[in-house]
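> kindly generate the corresponding structure for this input.
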Amino acid sequence: MELNEQQKMAVEYSGDARNILVVAGAGCGKTRTIIARTLHLIKIGTSPSRVLMLTFTNRAAREMKSRMKSELGPAVAQIQAGTFHSFCLKIMGKIPKSFSISGLNIIDTDDQTALMTLIRGRHISKKEKELNKEFPKARDLLKYYSYSRNTCMDPKEYLLTRSELDEKFVYLAEQLFNEYQEAKNARGYLDYDDLLERFAQALTEKPALKESVCRLFDEVLVDEMQDTNPLQFSILKHFSDQNVRLFCVGDPAQSIYKFRGAEFRQIYDFQQTFPESEVIQLSLNYRSYQEVLDLSNWLMERSPLDYLNTLQADRKQCGYKPLVVDFDNPFEEASWIADKILDRQSNDIPFRHFMVLVRSGFDAKSIEAEFLHREIPYCFIGGISLTKSAHVRDVISLLRIARNSNDDLAWMRYLKLWPRLGEKTAERIINSFYDNSTATPMDILSAQMGSSDPGVTGYKQTLSAIGNPKNCVAEAVKALVPVLKDKYNKWNNRLKDLKLLITVAEKYNNLSEFIDAFTLEPMSSSELEKSESEDVVIMITVHSAKGTEAPICFVANAKQGTYPHLRSYGDLDSEEEERRILYVAMTRAQNELFITRSMSERSPFYSDNNPAVGEDYFLEAIPEQLIQNEIHCWKPEGLATYATLKDIY
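Predicted coordinates:
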């Protein structure tokens with residue numbers, strides 16, 4: 001594997017330091033480096049089974065192992081690779097009693113919301129309209145609780161110091177958190193945070209367990225170090241305590257997941273936290289031309305923080321500076337983006353070479369409308385994932401009750417799918433499972449719904465195929481297609497999703513493994529599959545764009561009040577994360593970068609009342625040598641002709 005001098009220094013490091021932090025800038029080959037380090041360790045004698053790779057997504061882990069297969073052959077299967085969550089799940093699944101758990105029924109965010117809604121309803125009646133309006137909804141309560149757990153803060157302390165809740169609400173929220181935990185324990189459920197928290201807690205409380213788990217490995221390699229939260233960081237400390245060597249790759253300038261509890265400052269504390277450490281920088285960028293990097297470097301240099309890296313382009317310069325384009329409103333902005341894409345496409349540049357980066361789905365609306373009007377093929381990434389789709393969750397509910405007949409949440413969803421079966425009837429059936437200890441759920445269903453009822457036969461057929469994941473999923477899909485077809489629109493697209501489920505299930509050894517993997521990391525939707533194989537423009541949220549790149553990128557809606565977002569104003573940490581979000585967007589561009597913004601909100605009132613959009617606007621006063629700038633003044637009648645004024649700033 002060809003490496004530059006910086007990469008080679010990291011990959012072949014054999015000095016006295018036990019722990020290595022590689023600060024790898026955007027496009028500097030961090031994946032290549034972490035793969036090469038793994039291969040190097042095995043080459044010099046480390047057993048593949050003694051290597052653990054912790055990645056941000058399971059998909060990234062699969063891709064890394066796939067790239068190593070040509071070098072290692074079948075031995076690559078011995079390397080353990082995956083997310084923190086999947087690693088914890090695997091260890092806990094092998095020795096559940098050591099972690100004080102009786103089952104491994106992982107619930108996703110929608111199940112968590114359903115359970116918290118039930119618990120919240122016990123304390124706050126719908127009739128109490130004022131209280132119901134003021135007190136956080138179930139999803140907000142779960143966000144508070146999850147953030148406190150991932151940042152290792154006491155939930156009560158977190159609410160008192162970090163939230164705007166009244167003190168009386170803090171105590172009620174704490175009570176709900178406790179009841180939520182009790183309800184999960186009673187049903188044998190584990191949410192995402194339980195996997196990390198129980199794992200870390202057990203290793204803390206049981207030294208012998210800590211030693212036996214950590215000593216399974218000689219080397220732990222961590223990808224996307226800047227995205228780890230304090231709870232994940234504590235797990236790495238357990239490994240380090242047992243003299244397991246750490247090789248961590250990350251970039252503080254690309255830390256954009258604070259809302260999940262990620263703490264990028266852990267990179268700055270690496271050498272203090274882990275003794276005998278060495279920091280190595282990768283600054284040679286292979287993705288972009290220097291003009292793109294000059295603007296990106298300028299953005300980060302204006303920060304009060306030191307992001308530890310200044311990027312240099314291996315590709316040198318191309319002669320074209322990034323273009324910043326101003327418009328009167330978002331509709332003109334969208335039309336210009338469409339014009340530019342169609343113009344380039346007419347010169348034989350395929351649609352798949354274009355990427356449009358937006359902050360949210362809302363920001364994409366005007367561009368989507370223009371693309372549809374102009375018949376520009378595109379796919380949007382960053383919206384609803386496949387497992388969030390109702391029709392897929394319906395199928396998963398049937399698979400879950402086949403796996404575990406005590407899964408009340410799954411039973412409720414499954415039973416309510418069938419005609420004339422409402423919530424009260426479903427509750428009565430579920431309660432009867434517990435009232436009659438001698439009868440099986442199949443017996444009770446047959447008695448109350450009729451043995452020939454499609455809901456009963458569907459459950460029976462799915463249950464009969466439980467030994468084969470693919471057949472089991474196929475039976476579940478077969479059972480539910482008639483009822484789902486009548487329930488949902490755009491059926492042909494939904495049916496493709498269900499067929500994709502069947503195909504994916506073939507890769508798993510058992511049904512439980514499939515359900516847990518699917519719940520832990522939502523599968524890409526069929527639209528994402530389409531984007532990888534068809535000639536379409538990629539429209540993507542910045543938070544979904546890490547690890548992606550495209551020859552021509554548009555950073556859309558980069559107006560004042562968006563970078564930084566208004567809600568971040570006044571908080572240095574929040575403002576700096578906003579800076580990093582813009583940096584991630586800009587560094588996706590390989591050849592050309594267009595930054596577009598509409599000035600419709602640039603009124604004196606808007607600026608005077610929102611200091612964040614004045615001098616703190618990240619793209620204010622860009623040095624003229626770094627960019628080209630255009631202001632497009634559209635004619636009142638809205639014709640697609642305009643006058644262009646160049647070099648305004």
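> L142 sits in which helix or strand?
Assigned by DSSP states H and E, L142 belongs to helix 138-150.
> who's in contact with that helix?
109, 112-113, 116-117, 120, 136, 154-155, 157-159, 163, 173, 176-177, 180, 192-193, 196-197, 229-232, 259-261 (Cβ atoms under 8 Å, 6 or more residues apart in numbering). The way it works is simple: take the backbone N, C-alpha and C, and place the C-beta from them, glycine included.
> can you do 6 Å?
Residues outside helix 138-150 that contact it (Cβ atoms under 6 Å, 6 or more residues apart in numbering): 112-113, 116-117, 120, 155, 158, 177, 193, 197, 229, 231, 261.
> same list (those) but as TSV, adding distance to T33, pLDDT and neighbour count.
Below are the contacts of helix 138-150 laid out as TSV (distance: Cβ to Cβ, whole Å; pLDDT from 0 to 100; neighbours: other Cβ atoms under 10 Å):
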residue	distance to T33	pLDDT	neighbour count
Q112	37	94	23
T113	39	93	17
M116	42	95	23
T117	45	93	14
R120	47	94	21
P155	38	94	18
Y158	36	92	20
F177	41	97	21
D193	31	94	20
E197	31	95	18
N229	23	93	22
L231	26	94	21
G261	26	87	21
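> now secondary structure too, for these, in CSV please.
Compiled in CSV, the contacts of helix 138-150 are given as follows (DSSP: H, G, I helix; E, B strand; the rest coil):
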residue, secondary structure
Q112, helix
T113, helix
M116, helix
T117, helix
R120, helix
P155, helix
Y158, helix
F177, helix
D193, helix
E197, helix
N229, coil
L231, helix
G261, coil
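> ok, those residues vs R374, which is closest?
T113 (38.3 Å; Cβ to Cβ).
> grab the nearest non-local neighbour of that closest one.
Closest residue to T113 apart from its sequence neighbours, by Cβ to Cβ, 6 or more residues apart in numbering: A138 at 5.0 Å.
> surely L357 forms part of a strand?
Yes: assessed by three-state DSSP, L357 belongs to a strand.
> quick one, what contacts it?
I540, V542, A545, V555, A585.
> number of nearby residues for D223?
26 (other Cβ atoms under 10 Å).
> let me know whether it touches T55 as I believe.
Yes: with contact defined as Cβ atoms under 6 Å, D223 reaches T55; the gap is 4.4 Å.
> lowest-scoring secondary structure element of this protein by mean pLDDT?
Lowest mean confidence among the helices and strands of the chain (mean pLDDT, DSSP states H and E): strand 642-646, at a mean of 32.
> check contacts around the residue most central in space within the chain.
By Cα atoms, centre = their mean, the mean C-alpha position of the chain lies nearest to S544, the distance being 6.9 Å. Neighbour list for S544: I381, G382 [criterion: Cβ under 6 Å, 6+ apart].
> could you measure from it over to V170?
In this view, S544 and V170 are 34 Å apart by Cβ to Cβ, to the nearest Å.
> sketch out the low-pLDDT regions of the stretch 351-500 of the chain for me.
Along the stretch 351-500 of the chain, segments meeting pLDDT under 70 span 383-388.
> now do the strands in it.
With DSSP state E, counting those that start in this stretch, the ranges of strands along the stretch 351-500 of the chain come out as 354-358, 378-381.
> how about those strands, which one is nearest V244?
Across those, V244 has its closest neighbour in strand 378-381 (35.9 Å, Cβ to Cβ).
> put the alpha carbons of the closest one into CSV.
The C-alpha coordinates for strand 378-381 follow below in CSV (Å, rounded to 0.1, in the frame of the first residue of the first chain):
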residue,chain,number,x,y,z
TYR,A,378,-31.4,13.5,-7.8
CYS,A,379,-31.6,11.6,-4.6
PHE,A,380,-31.7,13.1,-1.1
ILE,A,381,-29.6,11.6,1.6
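> strand partners of that strand, parallel vs antiparallel please.
strand 537-541 (parallel) (DSSP bridges).
> so the strand it pairs with versus strand 354-358, what angle?
If you take axes from the mean of the first three to the mean of the last three Cα atoms, to 10 degrees, strand 537-541 sits at 20 degrees to strand 354-358.
> check which residues of the helix or strand just after strand 537-541 are buried.
Next along the chain after strand 537-541, taking DSSP H and E as the criterion, comes strand 550-555. For strand 550-555, a neighbour-count test (16 or more other Cβ atoms under 10 Å) marks A550, I552, C553, F554, V555 as buried.
> now swap in stretch 448-460 and tell me
M449, P454, G455, V456, T457, G458, Y459, K460.
> format the residues you listed as JSON lines; extra columns: distance to P419.
Shown next, in JSON lines, are the buried residues of stretch 448-460 (distance: Cβ to Cβ, whole Å):
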{"residue": "M449", "distance to P419": "11"}
{"residue": "P454", "distance to P419": "9"}
{"residue": "G455", "distance to P419": "9"}
{"residue": "V456", "distance to P419": "14"}
{"residue": "T457", "distance to P419": "15"}
{"residue": "G458", "distance to P419": "13"}
{"residue": "Y459", "distance to P419": "16"}
{"residue": "K460", "distance to P419": "19"}
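> nearest to I631, of these?
For the buried residues of stretch 448-460, the nearest to I631 is G458 (61.3 Å; Cβ to Cβ).
> which residues does that closest one contact?
A479.
> show me the helices in the stretch 201-350 of the chain, by range?
Under the criterion DSSP state H, counting those that start in this stretch, the stretch 201-350 of the chain contains helices at 207-214, 230-241, 265-268, 270-273, 290-301, 330-345.
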